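1. What shape does this take:
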Amino acid sequence: MRRVLVAVVLTVAGLVALLSFKTHTNGSERSVGSPASAPPLLPGEHALTGPAVRTVYGPVQVRVVERSRTIVGVTIVQHPAETTMDIQIGQFAFPRLVGETLAAQSARIDSVSGATYTSRGYISSLQGALDNRA
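-> Numbering: from 1, shown residues only. Here you go, the predicted model:
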């Protein structure tokens with residue numbers, strides 16, 4: 001009986017400690033490669049910035065660099081960064097999304113599994129940027 005009581009008390013203490021744990025936050029959004037800090041455009045290149053698309057976890061916004069209507073670069077201007085998990089998802093998803101964009105040369109790309117909301121925000125912002133082509 002004494003072992004059961006000790007086990008229950010330790011379990012409850014562990015649950016209380018786990019539920020009261022707070023993750024480190026960096027603000028609601030983080031700017032990565034904003035247009036102000038982006039490398040200068042080469043001759044013949046122009047930048048198209050998509051709208052900031054609201055997702056469940058925060059806004060996603062992209063900037064596309066084109067040369068002769070060919071996508072040569074994509075910069076993530078805004079993305080969710082409220083929690084460590086948001087940052088990890090971005091670090092996992094954005095390189096894949098950018099790679100698919102460069103390969104497809106359009107916004108017709110697949111979402112990244114495990115980053116559905118972020119992928120949808122990226123694709124919507126990308127399409128908005130491409131819709132602004134001259």
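2. Could you list every helix and strand that the longest helix anywhere in the chain packs against?
-> Of all segments of type helix in the chain, defined using DSSP state H, the longest is helix 84-104. In terms of contacts (3 or more CB pairs under 8 Å, 6 or more residues apart in numbering; DSSP states H and E), helix 84-104 is packed against strand 70-80, helix 116-131. C-beta coordinates here come from the backbone N, C-alpha and C atoms, glycine included.
3. I'd like to know which of these is closest to residue 104.
-> Minimum separation from residue 104 across those (CB to CB) falls at strand 70-80, 8.7 Å.
4. elements contacting the closest one?
-> Using 3+ CB pairs under 8 Å, 6+ apart, strand 70-80 sits against strand 29-31, strand 58-67, helix 84-104, helix 116-131.
5. and the angle from that strand to strand 58-67?
-> Strand 70-80 runs at 160 degrees relative to strand 58-67, counting by axes from the mean of the first three to the mean of the last three CA atoms, to 10 degrees.
6. Output the below-cut-off pLDDT ranges for the chain.
-> Across the chain, residues meeting the criterion (pLDDT under 70) sit at 15-38, 134.
7. Distance check, the residue lying closest to residue 96 once chain neighbours are set aside against residue 94.
-> Once flanking residues are discounted, residue 96 sits nearest to residue 112: 5.2 Å by CB to CB, 6 or more residues apart in numbering. Distance of residue 112 to residue 94, computed by CB to CB, to the nearest Å: 9 Å.
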